[in-house]
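1. Sequence and predicted model, in that order:
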Amino acid sequence: MFMMLKKFAALALAFTIGASSLPAHAEPTDWPQWRGPHRDGQAAPQELAQEWPESGPTLKWQSGKLGRGYSSFSIVDGKLFSMGADDKNSFAVCLDSQSGKVLWKTNISRTGVIGDYNTGWGGGPRSTPTVDGDQVFVLSDIGTVAALAKDTGDLIWSTSLVEDFGGKIPKWGFSESVLVDGDRIMVTPGGDSFIVGLDRQSGEPVWQSKDYDARAQYVSIIKGSVNDVSFYATASGDGIVGFACDSGEKLFENPTTGNPTAVIPTPILSGNLLYHTSAYGAGNSLLKLTGKNDSIDEEQVYHLGGKSMTNHHGGVVLVDKTIYGFTKANGGNWMAQDLETGDTLWEEKIRGNKSGSIAYADGRLYCYNDGDGTLLLLTPDREKFQPVGKLTLPKQTSIPRDRGAIWAHPVIANQTLFIRDQDLIFAYDIKR
């Protein structure tokens, strides 16, 4: 089956895609991948309301077409891309971002079941599509990577991280969002082929990390560069690790934010400072990277556990040398932390919530709580928790959550806030 799809890939590319490296004709305020244009949780510049009325922003539209899952959204060229699942299939779906109308829907793999991974916290895809040029790249919860035509959803190629690369499905399903780096699609099967790079036109492997063997976790890869040394950074249960973009050689690693249960948040790179956090007792660390002669030296600035930032899976953002996000410490709180020192600046408990996901746009933080269906608009402030708006979902999903909650991350694009609760999607007008 895999080889048949490879042959189909060549024909599809020859007749429908052409040069797949063609740039997307994206709007300047699009959100084309996981955590935004730069994978840091920050939206593209756009003029947005700086506070909301007591009733919250205006709801533009809502839809119940996404099925089961925790995937977030990518927004490109007036189209919204996400993933979901029904009783038989895991699928990618494209909607009109102005109306919520479904434009296409493509089955990617069978639906994951309890024998594949622990679905007690909810099943369905966890990965966010990556849109680049005329293609969309997706990953299902059981490890199927697929390339689709952006405008039609036609399948170009498909491969399995388990069957074709020897990976093992993580305990709670494959969850990372693939990184597009030029002609490479970067993804993590785990094992001795920890990270692989796939040719975007065919899906064939063209790159592999070296000298590292660990099971895939739930982290999405970022690309960085320090003193002209380019690297891919991610994390496993053994901690954060970086590999040379050209050779695949391991450049650095640090064990402090690894843990044996689940490592989830995406690292944040600011200049030559690399910040990472995870839960289950790991805490947070700041590394100072120095590149020279095709190598990178890593210095640990700090590692903090206990009552500091221990982010579960909602991610953190960096604004003006301040880390904002939800910590599992102290019973669960929104928190501000100084990047350079690690000092806690403030904490705020929102009762009824055990976690929350975050994004930043036009001078405001968007904090989506996982339990009560509220999203708070905050002014970033090192001194205090400063809310300037709140919305509450008009309804929550009827899909059984099991032990799960509202875990899809918020997205801000084209002066619109998009938030999800399983099958439900809500689009709010937040223009200034």
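-> Yep, that arrived.

2. any weak-confidence spans in the chain?
-> Scanning the chain for pLDDT under 70 picks out the ranges 1-26.

3. Mind jotting down where the helices sit in it?
-> Along the chain, the segments classed as helices by DSSP state H run 2-12.

4. Could you break it into its assigned domains?
-> Segmentation of the chain into domains, based on automatic domain parsing, reads 1-18+59-216+393-432, 307-390.

5. what residues are up against the residue nearest to T261 when sequence neighbours are not counted?
-> In space, and not counting its chain neighbours, T261 is closest to Y280: 4.2 Å by Cβ to Cβ, 6 or more residues apart in numbering. Glycine gets a C-beta too; all of them are placed from N, C-alpha and C. By Cβ atoms under 8 Å, 6 or more residues apart in numbering, Y280 lies in contact with 259-262, 310.

6. Y280 and N333, how far apart?
-> Y280 sits 17 Å away from N333, going by Cβ to Cβ, to the nearest Å.

7. how about the domains of the chain in JSON lines, adding mean neighbour count and distance to N227?
-> Compiled in JSON lines, the domains of the chain are given as follows (neighbours: other Cβ atoms under 10 Å; distance: least, Cβ to Cβ, whole Å):
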{"stretch": "domain 1-18+59-216+393-432", "mean neighbour count": "20", "distance to N227": "19"}
{"stretch": "domain 307-390", "mean neighbour count": "20", "distance to N227": "20"}
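
8. out of those domains, nearest to E253?
-> domain 1-18+59-216+393-432 (7.9 Å; Cβ to Cβ).

9. circling back: check the contacts of Y280 for burial and list the buried ones.
-> The neighbour count (16 or more other Cβ atoms under 10 Å) marks 259, 262, 310 as buried among the contacts of Y280.

10. about what we covered before: which one of the contacts of Y280 is nearest G124?
-> Proximity of the contacts of Y280 to G124 (Cβ to Cβ) peaks at A262, which lies at 17.2 Å.

11. gap between the closest one and F252?
-> Noted for A262: a distance of 22 Å to F252, by Cβ to Cβ.

12. Touching, P189 and F165? I think so.
-> Yes - contact criterion Cβ atoms under 8 Å: P189 and F165 qualify, at 3.9 Å.

13. Quick check: neighbours shared by these two?
-> V196.

14. Could you pull up the residues touching D132?
-> Contacts for D132 (Cβ under 8 Å, 6+ apart) come out as 24, 32-33, 180, 200.

15. and which of the residues you listed is nearest to G342?
-> Closest to G342 out of these is Q33 (28.6 Å), distances taken as Cβ to Cβ.

16. who's in contact with the closest one?
-> 39, 74, 128-132, 177, 179-180.

17. please redo it, this time with the cut-off set to 10 Å
-> The neighbours of Q33, taking Cβ atoms under 10 Å, 6 or more residues apart in numbering as the test, are 39, 72, 74, 76, 81, 128-132, 137, 177-180, 220.

18. Next, format the contacts of D132 as JSON lines and append distance to C245.
-> Below are those laid out as JSON lines (distance: Cβ to Cβ, whole Å):
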{"residue": "A24", "distance to C245": "22"}
{"residue": "P32", "distance to C245": "20"}
{"residue": "Q33", "distance to C245": "18"}
{"residue": "V180", "distance to C245": "13"}
{"residue": "R200", "distance to C245": "15"}
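
19. Can you tell me which of these end up in strands?
-> V180 (DSSP state E).

20. Show me which of the contacts of D132 is closest to G100.
-> Taking Cβ to Cβ as the measure, G100 lies nearest P32 of the contacts of D132, at 19.4 Å.

21. Skipping adjacent residues, who's closest to V319 in space?
-> That would be P380: by Cβ to Cβ, 6+ apart, it lies 4.7 Å from V319.

22. can I assume F174 is in contact with F165?
-> No - counting by Cβ atoms under 10 Å, F174 stays clear of F165, with 11.7 Å between them.

23. Name the residues contacting each of those two.
-> By Cβ under 10 Å, 6+ apart, the residues touching both F174 and F165 are 143, 145, 187-190.

24. May I ask which two of those residues are separated the most?
-> Greatest spacing in the shared contacts of F174 and F165, by Cβ to Cβ: V145 and G190 (13.4 Å).

25. Just grab the bridge partners of S278 for me.
-> Beta-bridge partners for S278, by DSSP bridges, are G283.

26. mind listing what it touches?
-> S278 touches 217-219, 235, 237, 239-240, 256-259, 261-265, 284-285, 309-313, 328, counting by Cβ under 10 Å, 6+ apart.

27. sorry, back to before: between V145 and G190, which contacts overlap?
-> Jointly contacting V145 and G190 under the rule Cβ under 10 Å, 6+ apart are 161, 165, 174.

28. For W34, which non-adjacent residue is closest in space?
-> In space, and not counting its chain neighbours, W34 is closest to S177: 3.4 Å by Cβ to Cβ, 6+ apart.

29. correction: P37
-> Per Cβ to Cβ, 6+ apart, closest to P37 is A44, 5.4 Å.

30. quick revisit: quick check: the two most widely separated of the contacts of Q33?
-> V76 and S220 (17.9 Å).

31. ok so, going back, which of the buried ones among the contacts of Y280 lies closest to A85?
-> Nearest member of the buried ones among the contacts of Y280 to A85, counting by Cβ to Cβ, is A262, at 20.6 Å.

32. Isn't that closest one up against W172?
-> Yes - the pair A262 / W172 is scored as a contact, 6.7 Å apart, by Cβ under 10 Å.

33. quick one, what contacts the residue nearest to P37?
-> Counted by Cβ under 10 Å, 6+ apart, A44 has contacts 26-32, 36-38, 75, 361-362, 412-414.

34. Distance of A361 relative to V229?
-> Taking Cβ to Cβ, one finds A361 at 31 Å from V229.

35. quick one, what contacts the nearest residue to G78 once chain neighbours are set aside?
-> Leaving out its chain neighbours, the residue that sits closest to G78 by Cβ to Cβ, 6+ apart is S97, at 5.4 Å. Residues near S97 by Cβ under 10 Å, 6+ apart: 27, 30-31, 60-61, 73, 75-81, 103, 413-414, 416, 418, 427.
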